[in-house]
Structures are given as structure tokens and as C-alpha cells.
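Engineer: what follows is a predicted structure for the sequence shown.
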Amino acid sequence: MIRRCDDHDFDLIWTIINDGARAYKGVIPEDFWTEPYMSRKELQHEIDAGVVFWGYDEAGTLVGVMGLQRVRDVTLIRHAYVRTSSQKRGIGGRLLSHLRELTNGPVLIGTWADASWAIRFYERHGFQVVGSQEKERLAKTYWTVPERQMERSVILADPKWRECSSRDA
């Protein structure tokens with residue numbers, strides 16, 4: 001079952017993010033890896049900035065989370081993680097599909113460029129990596145992350161975004 005997370009889920013969200021993020025250790029730049037990967041303070045900051053988490057609940061246990069954040073004229077998918085013990089079972093895909101149904105406009109996703117598995121996951125769900133110039137423009141418009149992190153990341157866009165951007169060109 002997919003449900004909107006609330007304040008009572010904070011510790012579970014934090015635990016799932018940090019468990020799922022272990023896949024990035026040794027893949028992302030060392031200076032971006034911390035223990036834990038996301039602190040409680042950082043998670044609260046993301047929620048305060050408008051990230052709304054949705055969770056995949058399996059038999060009363062939250063096993064996956066994915067955030068939505070509306071920024072200007074797009075929706076960002078943020079902090080998509082599934083517990084290590086529950087991965088490779090379609091949970092991330094079901095969460096992503098559900099969140100895309102909640103928004104009518106374009107959807108963008110940022111992830112680490114070296115996280116090839118994450119990029120393939122989003123591509124299987126209809127997203128495409130944008131070019132480097134477009135990435136830089138989008139990063140400055142919709143994200144607030146360090147410049148070096150954006151240099152080491154990619155942005156993927158859904159078909160709605162590509163349709164809108166081709167009309168604007």
C-alpha cells in the first residue's frame with residue numbers, strides 16, 4: 001500500500017534513506033559521503049522546504065520512501081529509497097508511478113552521474129537524461145545543491161517536461 005507519510009514516520013523515513021543510500025558508498029565522491037548519509041537535521045530541512053514523502057507500506061512496515069517537491073512550474077522527485085532488504089521487488093517503480101499520477105505537470109529527477117543503476121531505473125520509467133547545458137540551467141532554477149554536486153550529477157526529465165520545453169524552444 002502506498003500512503004502519504006506524516007510526522008510519525010520521520011524516524012522510519014530517515015532509517016530507510018540511510019539504509020538505501022549505502023549503495024552510493026564508494027560510488028559518489030568521498031567528500032559527499034557521510035555517516036549517516038542524511039542527518040536528521042538535513043531531513044527536517046528537506047521537509048521544511050516542501051518535500052512531501054510518500055511511503056510503500058508492506059504488512060504494516062514502511063519499506064520504501066519517495067519525496068515530491070513542487071518548485072515553480074515543475075515537480076521534483078526527491079530522496080527515493082527502498083530498504084536494502086526490499087529492493088529488486090518493484091517497490092520503487094510503484095512509488096514512482098504513484099507520485100507521477102499526483103502531478104499534472106512536468107517531473108524532474110536529479111541523481112549522481114556515477115549511480116548507473118539509478119539512471120537506468122528512471123530511464124526504464126520514461127525519463128531521459130538532459131544535456132549538460134540544460135542540466136546546468138535546470139539545476140540553478142530548481143535545486144539548491146553545491147556546484148560540485150551538480151557537476152557530478154545528472155538530471156532526468158519526463159515526457160511532459162520534454163513536451164513543454166520543445167514548445168518553449
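Structural biologist: Structure received.
Engineer: distance check, Ile47 against Gly105.
Structural biologist: Taking CB to CB, to the nearest Å as the measure, Ile47 falls 22 Å from Gly105. Quick note: C-beta positions are derived from backbone N, CA and C, even for glycine.
Engineer: and those two? which has more neighbours close in?
Structural biologist: Taking other CB atoms under 10 Å, Ile47 and Gly105 do not tie; Ile47 has more neighbours (18 against 13).
Engineer: which helix or strand contains that one?
Structural biologist: Taking DSSP states H and E as the definition, one finds Ile47 inside helix 40-48.
Engineer: do Gly110 as well
Structural biologist: For Gly110, the host element (DSSP H and E) is strand 107-112.
Engineer: ok, that strand: who's next to it in the sheet?
Structural biologist: Here strand 107-112 is paired, per DSSP bridges, with strand 74-82 (parallel), strand 153-157 (antiparallel).
Engineer: how about the CA coordinates for the longest one, as PDB?
Structural biologist: This points to strand 74-82. In PDB, the C-alpha atoms belonging to strand 74-82 read as follows (Å, rounded to 0.1, in the frame of the first residue of the first chain):
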ATOM      1  CA  VAL A  74       7.700  21.500 -12.100                       C
ATOM      2  CA  THR A  75       7.600  18.700  -9.600                       C
ATOM      3  CA  LEU A  76      10.900  17.200  -8.400                       C
ATOM      4  CA  ILE A  77      11.200  13.600  -7.300                       C
ATOM      5  CA  ARG A  78      13.400  13.700  -4.200                       C
ATOM      6  CA  HIS A  79      15.100  11.100  -2.000                       C
ATOM      7  CA  ALA A  80      13.800   7.900  -3.500                       C
ATOM      8  CA  TYR A  81      15.000   4.900  -1.400                       C
ATOM      9  CA  VAL A  82      13.900   1.400  -0.700                       C
END
